[in-house]
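Peer 1: build me a model from this:
(2 chains)
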There are 2 protein chains.
Amino acid sequence: MNQKLTATEEILATMSAIGVDPQGGMTRLLFDAYWKEAQETLRVRFEEAGLTATYDAAGNLIGSIAGSEKPEETIMTGSHVDTVRNGGTLDGQYGILAGFLAIQRLIEKHGTPKRSLSVVSFAEEEGSRFPFVFWGSKNLIGSVDRSLLAQVIDQQGIGFPQAMKDAGFDFSAPPSAPRTDIVAFVEAHIEQGAVLEHLEKQVGVVTAITGQKRYNICLTGEANHAGTTPMQMRKDALEGAARIMVALLDEAKRLGDPLVLTFGKLEPKPNIVNVVPGEVNFTVDTRHPDQKALNDFAAYVEATIQSIAGSANLQVSIDNWMDEAPVPMDTALVELFKTSCTELGIDYHVMHSGAGHDSQIMAPCVPTAMLFVPSKKGISHNPAEDTEMEDLLAGIDVLEAALYHLAY
Amino acid sequence: MNQKLTATEEILATMSAIGVDPQGGMTRLLFDAYWKEAQETLRVRFEEAGLTATYDAAGNLIGSIAGSEKPEETIMTGSHVDTVRNGGTLDGQYGILAGFLAIQRLIEKHGTPKRSLSVVSFAEEEGSRFPFVFWGSKNLIGSVDRSLLAQVIDQQGIGFPQAMKDAGFDFSAPPSAPRTDIVAFVEAHIEQGAVLEHLEKQVGVVTAITGQKRYNICLTGEANHAGTTPMQMRKDALEGAARIMVALLDEAKRLGDPLVLTFGKLEPKPNIVNVVPGEVNFTVDTRHPDQKALNDFAAYVEATIQSIAGSANLQVSIDNWMDEAPVPMDTALVELFKTSCTELGIDYHVMHSGAGHDSQIMAPCVPTAMLFVPSKKGISHNPAEDTEMEDLLAGIDVLEAALYHLAY
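Peer 2: Purely as a prediction, here's the structure:
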């Protein structure tokens, strides 16, 4: 790296040194020591930049400058400070730093905004320490269900309340009041896919966070000797699964973007070279940013599985264990991001998000939008997660322009 | 069971009590205590029936009556005394008892045969204790390769020579001379498939033991995020495997019996619901009793895998780790079995064996044939292995008739 670091390079390097995992990448889990160090480092930076920095009762850190004309209306930006285990340095953190750097620049250039401006470092989004996701954003807008959290424990057996206490917070204290002053939330994030890189665009303007349905499918046939069972006497569960996969992938490709369909996990039984598989368990993950399109395809998935299993004389069980609705972004904010890109001469792509983000928690309560910067080779949740510095800077420029429009 | 047992019921019950496994079924492994007890019980029975009973140096037990006219020509029948772990009571054992009972009856009815008659209880066929198969038949005809056996150990760490010593045999002693006096070998066995039951036939006359080829296939694509990777940007190794399976199963079914094709084992990586599989390892097991048909189909399998992997932009490795030639049975003996069935009014089916048997070791050296009796639901290598008593008796009748033709 150049000896003379830019402000972006400097703060990214500083923050990325907090939580380096000896087993690779970065591991910063809710309320652990690295998490605390990261939040505290940000708090000091926020204050040095002239922001007031406060934690809410959940551990979200918020750096703010009050508006001169409408201080009761807050424009908020930011993302989450936690990571997956052995993750990269940009997932979450980039959105906090981009928001902070943009606000810093705006204050330097234009002074106090008319509306209040805040950058949030959400306590948690990934669900990588406890079996719970979006602790940060759900607390901020008051949609968290705390009922199960007193019981959950992490891999070391530490309960959620104890972990919270270790970080200086009190699970039994009254939660912070839901924020009702936020009039816009904008989040910058890495894409975690390869679409922008493929299209050679610097910024993605997100119109919706995809809906998704996940299934566990179990096909039951009959395990038989691979040598002594003629083909027409078999009830081959793996053959059934293969025919289902091919039929559904063909249909998904025919319907085309933005529909995706993934068979990620598949386990035949008994899984032995010379035995016809008598049972196969496999998963279906299908996503579409439009609710009707998702429902229609899911119905086709279920009907096709039933039909092919029936023809193959297999028994089938279909368990739809996840069903998340698509979350559309605010139209006006989407337009603002597009305009901002155009004004700056930055080549952008209008797209949906195929992964989940804090914005999907915020969007039902406040006008929300997201912008993406490219992920090299689409890699994330991995030490190899990376983005070109010029793309990181382009994202900050667009965020700054949008925040200027909203707050000044 | 009826109080008044038939001879067949009595000896089957006696022998099936030796090696009962507390975890289910029967476990009689080469040279273990149950194995020894079974061989010794047979030895006493053979002698009580007026046969001379001797072990060869490998642990094969042979009960014989010398021929009155051509004592130097032996007609041999029998099968193996060992089982798989938690196996049934008929696989192997039925062939020994059928041969012994048939010879007993022949002597009772017709006295001394013109040719010598022998029943063999082969020491081992299943490979269930040591990583080695056909120890019994290979020793009998002198085709065993002993070079690796001094090193192999069982699950308890006991070496082959020690196990042999524990049973009263000496690995370092000179092996018995290969038998050159056998002019015909006939083996009765359960089918281990459901063809006879399906066709409602009591006896199968085997024309060949199938040839088989087994492969390990590895397809390598790219693991990607199931939400953020559009369909056209994926290199989905499991999709490739599914397309290969469907294409090859369709062709196998089009070609029809007796070709069989099995994808028994399949393991995607990383095998996670929301990750596109970047790698899949799977097995191919294909069998045909005709060498040219097997070779032709195997060439089609390999070409199709290459072609589909290429179209899907996947890397592929194809490892053909097993390649066993089909073994035809002796035509004259096959005709003899057919004639014997017809004479007895027993409904038979001409078929191949889809599984391996001692007969495939014998056949290259001596005229050999097999007959099958039905397996209920095709089940074997399992405690539920079973055959109707009337079918067991029908098999013995056919064997007796054939041995009469050969030896009297």
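Peer 1: and the top helix by length along chain A, is it in reach of chain B?
Peer 2: Under DSSP state H, the helix in chain A containing the largest number of residues is helix A:291-311. No. Counting by CB under 8 Å from any CB of the partner chain, chain B has no neighbours in helix A:291-311; the shortest distance is 10.8 Å. Using the backbone N, CA and C atoms, a C-beta is placed for each residue, glycine as well.
Peer 1: what's that helix packed up against?
Peer 2: strand A:211-220, helix A:237-255, strand A:279-288, strand A:315-324 (3 or more CB pairs under 8 Å, 6 or more residues apart in numbering or on different chains; DSSP states H and E).
Peer 1: and these as JSON lines, adding mean pLDDT, distance to A:Gln93 and mean neighbour count?
Peer 2: JSON lines is the format used below for those (pLDDT from 0 to 100; distance: least, CB to CB, whole Å; neighbours: other CB atoms under 10 Å in any protein chain shown):
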{"stretch": "strand A:211-220", "mean pLDDT": "96", "distance to A:Gln93": "25", "mean neighbour count": "21"}
{"stretch": "helix A:237-255", "mean pLDDT": "98", "distance to A:Gln93": "34", "mean neighbour count": "21"}
{"stretch": "strand A:279-288", "mean pLDDT": "97", "distance to A:Gln93": "25", "mean neighbour count": "23"}
{"stretch": "strand A:315-324", "mean pLDDT": "95", "distance to A:Gln93": "25", "mean neighbour count": "14"}
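Peer 1: adding distance to chain B as columns, could you present these in CSV?
Peer 2: Putting those into CSV (distance: least, CB to the nearest CB, whole Å) gives the following:
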stretch, distance to chain B
strand A:211-220, 6
helix A:237-255, 4
strand A:279-288, 4
strand A:315-324, 9
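Peer 1: and of these, who's closest to A:Ser143?
Peer 2: Set against A:Ser143 and scored by CB to CB, the helices and strands packed on helix A:291-311 come closest in strand A:315-324, at 14.2 Å.
Peer 1: follow-up on the earlier one: the helices and strands packed on helix A:291-311: which one's closest to A:Leu392?
Peer 2: Using CB to CB as the measure, strand A:279-288 is the one of the helices and strands packed on helix A:291-311 that comes nearest A:Leu392, at 26.5 Å.
Peer 1: how about that closest one as CSV, C-alpha atoms only?
Peer 2: The C-alpha coordinates for strand A:279-288 follow below in CSV (Å, rounded to 0.1, in the frame of the first residue of the first chain):
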residue,chain,number,x,y,z
GLU,A,279,-33.8,-42.6,0.0
VAL,A,280,-32.5,-39.1,-0.9
ASN,A,281,-32.8,-35.9,1.1
PHE,A,282,-32.1,-32.7,-0.7
THR,A,283,-32.7,-29.0,-0.3
VAL,A,284,-34.3,-26.5,-2.7
ASP,A,285,-33.5,-22.7,-2.4
THR,A,286,-35.4,-20.5,-4.8
ARG,A,287,-35.4,-16.7,-4.8
HIS,A,288,-37.1,-13.9,-6.7
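Peer 1: can you tell me the strand partners of it and which way each runs?
Peer 2: Next to strand A:279-288 in the sheet, as set by DSSP bridges, lie strand A:211-220 (antiparallel), strand A:260-262 (antiparallel), strand A:266-269 (antiparallel).
Peer 1: so which of those strands is nearest B:Met26?
Peer 2: Set against B:Met26 and scored by CB to CB, those come closest in strand A:266-269, at 23.7 Å.
Peer 1: A:Ala123 against A:Val81, yeah?
Peer 2: Yes. Taking contact to mean CB atoms under 8 Å, the distance of 6.9 Å between A:Ala123 and A:Val81 places them in contact.
Peer 1: identify the contacts common to the two.
Peer 2: Jointly contacting A:Ala123 and A:Val81 under the rule CB atoms under 8 Å, 6 or more residues apart in numbering or on different chains are A:35, A:39, A:61.
Peer 1: can you give me the strands in the stretch 1-150 of chain A?
Peer 2: A:52-55, A:61-65, A:70-80, A:115-122 (DSSP state E, counting those that start in this stretch).
Peer 1: let me know which of these is the nearest to chain B.
Peer 2: Taking CB to the nearest CB as the criterion, chain B comes closest to strand A:70-80 out of the strands of the stretch 1-150 of chain A, the separation being 16.2 Å.
Peer 1: so how far is stretch A:26-33 from its chain's centroid?
Peer 2: 17 Å (CA atoms, centre = their mean, to the nearest Å).
Peer 1: quick one: average pLDDT of that stretch?
Peer 2: The average of the pLDDT scores along stretch A:26-33 is 97.
Peer 1: which residues touch it?
Peer 2: Applying CB under 8 Å, 6+ apart, the set of residues contacting stretch A:26-33 from outside is A:16, A:18-21, A:34-35, A:38, A:59, A:81-89, A:123-124, A:128-130, A:135, A:154, A:163-164, A:166-167, A:169, A:383.
Peer 1: excluding its backbone neighbours, what's nearest A:Phe130?
Peer 2: Taking CB to CB, 6 or more residues apart in numbering or on different chains as the measure, A:Phe130 lies nearest to A:Val152, with 4.9 Å between them; neighbours along the chain are not counted.
Peer 1: contacting residues for the one you found?
Peer 2: Contacts of A:Val152 were listed using CB under 8 Å, 6+ apart, and they are A:130-132, A:159-160.
Peer 1: how near is it to chain B?
Peer 2: A:Val152 is 21 Å from chain B, where distance means CB to the nearest CB, to the nearest Å.
Peer 1: and what of A:Ala150?
Peer 2: In this structure, A:Ala150 lies at 28 Å from chain B, with CB to the nearest CB as the measure.
Peer 1: same check, this time on A:Gly204
Peer 2: Here the criterion is CB to the nearest CB. By it, A:Gly204 lies 10 Å from chain B.
Peer 1: report how many residues lie close to that residue.
Peer 2: Burial of A:Gly204, expressed as a neighbour count using other CB atoms under 10 Å in any protein chain shown, amounts to 27.
Peer 1: how about it, phi and psi?
Peer 2: Here the main-chain torsion angles of A:Gly204 (degrees, to the nearest 10) amount to phi -110, psi 130.
Peer 1: so where's the stretch 1-150 of chain A uncertain?
Peer 2: A:1-4 (pLDDT under 70).
Peer 1: of all the residues in it, which one is nearest chain B?
Peer 2: Scanning the stretch 1-150 of chain A for the residue nearest chain B gives A:Asp91, at 11.4 Å (criterion: CB to the nearest CB).
Peer 1: for that residue, give me its contacts.
Peer 2: Contacts for A:Asp91 (CB under 8 Å, 6+ apart) come out as A:83-84, A:189-190, A:192, A:380-381, A:385.
Peer 1: just to revisit the earlier point, give me the buried subset of the contacts of stretch A:26-33.
Peer 2: Neighbour-count burial within those applies to A:16, A:18-19, A:34-35, A:38, A:59, A:81-85, A:87-89, A:123-124, A:128-130, A:135, A:154, A:163-164, A:167, A:169, A:383; the criterion is 16 or more other CB atoms under 10 Å in any protein chain shown.
Peer 1: on that earlier part again, now the helices and strands packed on helix A:291-311 as CSV including distance to B:Ala66?
Peer 2: Compiled in CSV, the helices and strands packed on helix A:291-311 are given as follows (distance: least, CB to CB, whole Å):
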stretch, distance to B:Ala66
strand A:211-220, 56
helix A:237-255, 54
strand A:279-288, 54
strand A:315-324, 59
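Peer 1: relative to B:Gln212, which of those is closest?
Peer 2: Put simply, out of these the one that sits nearest B:Gln212 is helix A:237-255, at 18.7 Å, with distance taken as CB to CB.
Peer 1: how close does the residue nearest to A:Phe130 get to A:Gln360?
Peer 2: The spacing between A:Val152 and A:Gln360, counted by CB to CB, to the nearest Å, is 22 Å.
Peer 1: contacting residues for A:Gly354?
Peer 2: The neighbourhood of A:Gly354, defined by CB under 8 Å, 6+ apart, consists of A:192-193, A:210, A:258, A:260, A:287, B:225-229.
Peer 1: swap in 10 Å and give it another go.
Peer 2: For A:Gly354, the contacting residues are A:191-193, A:195, A:209-210, A:212, A:258, A:260, A:287-289, B:225-230, taking CB atoms under 10 Å, 6 or more residues apart in numbering or on different chains as the criterion.
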